[in-house]
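Participant: need a structure here:
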Amino acid sequence: MPKKAAALSQELTRDNWPIRRRWMFRVLLWAMANAQGIILASVVGFIKSSNSILEQALIALLTLIAAILGSYVFGAVWDDREKRKFIRDMDDGDFYQPEPYTAPSRPFTADDTGPN
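Facilitator: Just a heads-up that it's a prediction; the model follows:
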């Protein structure tokens with residue numbers, strides 16, 4: 001690992017993702033418990049008729065669950081990409097650049113056997 005990247009690696013790995021995950025799991029647990037309560041109340045018969053407020057609450061809770069999961073994945077990918085970009089930009093050398101293409105010395109002909 002390059003010198004500057006090695007010096008920054010400890011600072012970059014110390015992040016607040018454990019805190020984000022803790023809050024995500026708490027809100028997910030709350031939303032899933034409420035959604036399950038609404039579904040069970042409808043199935044068991046506590047709710048006698050179609051209640052549009054509870055239907056909308058269930059839709060909102062399911063949307064909240066999907067939004068949390070989607071934003072968690074998107075945020076993790078974004079954060080990892082930005083860390084890699086930061087490390088790449090802080091390197092002394094250009095270690096992440098591919099080698100330039102060099103053309104063959106002569107064109108390929110039918111007589112060439114190839115790597116086999």
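
Participant: Spell out, range by range, the strands that occur in the protein.
Facilitator: For the chain, applying DSSP state E gives no strands.

Participant: Number of residues surrounding Lys83?
Facilitator: By other C-beta atoms under 10 Å, the residues close to Lys83 number 15. All C-beta atoms are positioned from the backbone trio N, CA, C, and that covers glycine.

Participant: State the distance from Ser42 to Ala66.
Facilitator: Here Ser42 is placed at a distance of 20 Å from Ala66 (C-beta to C-beta, to the nearest Å).

Participant: So those two - more neighbours on which side?
Facilitator: Neighbours were tallied for Ser42 and for Ala66 using other C-beta under 10 Å; the higher tally belongs to Ser42 (16 against 11).

Participant: count of neighbours near the closest residue to that one other than its chain neighbours?
Facilitator: Nearest non-adjacent residue to Ser42, counting by C-beta to C-beta, 6 or more residues apart in numbering: Leu54, 7.4 Å away. Leu54 has 15 neighbouring residues, counting by other C-beta under 10 Å.

Participant: So Leu54 sits against Ile47, correct?
Facilitator: Yes - the pair Leu54 and Ile47 qualifies as a contact (C-beta atoms under 8 Å) at a distance of 6.4 Å.

Participant: Show residues contacting stretch 28-45.
Facilitator: Contacts with stretch 28-45, where a contact means C-beta atoms under 8 Å, 6 or more residues apart in numbering, come from 47, 54, 57-58, 61-62, 64-65, 68-69.

Participant: which among those residues gets closest to Arg81?
Facilitator: Leu69 (18.9 Å; C-beta to C-beta).

Participant: Contacts only, for that closest one.
Facilitator: Leu69 sits next to Leu28 when contact means C-beta under 8 Å, 6+ apart.

Participant: hmm, which of the contacts of stretch 28-45 are the buried ones?
Facilitator: The neighbour-count test (16 or more other C-beta atoms under 10 Å) applied to these identifies 58, 61, 64, 68 as buried.

Participant: Among those, list the two that are farthest apart in space.
Facilitator: Leu58 and Ile68 (15.9 Å).
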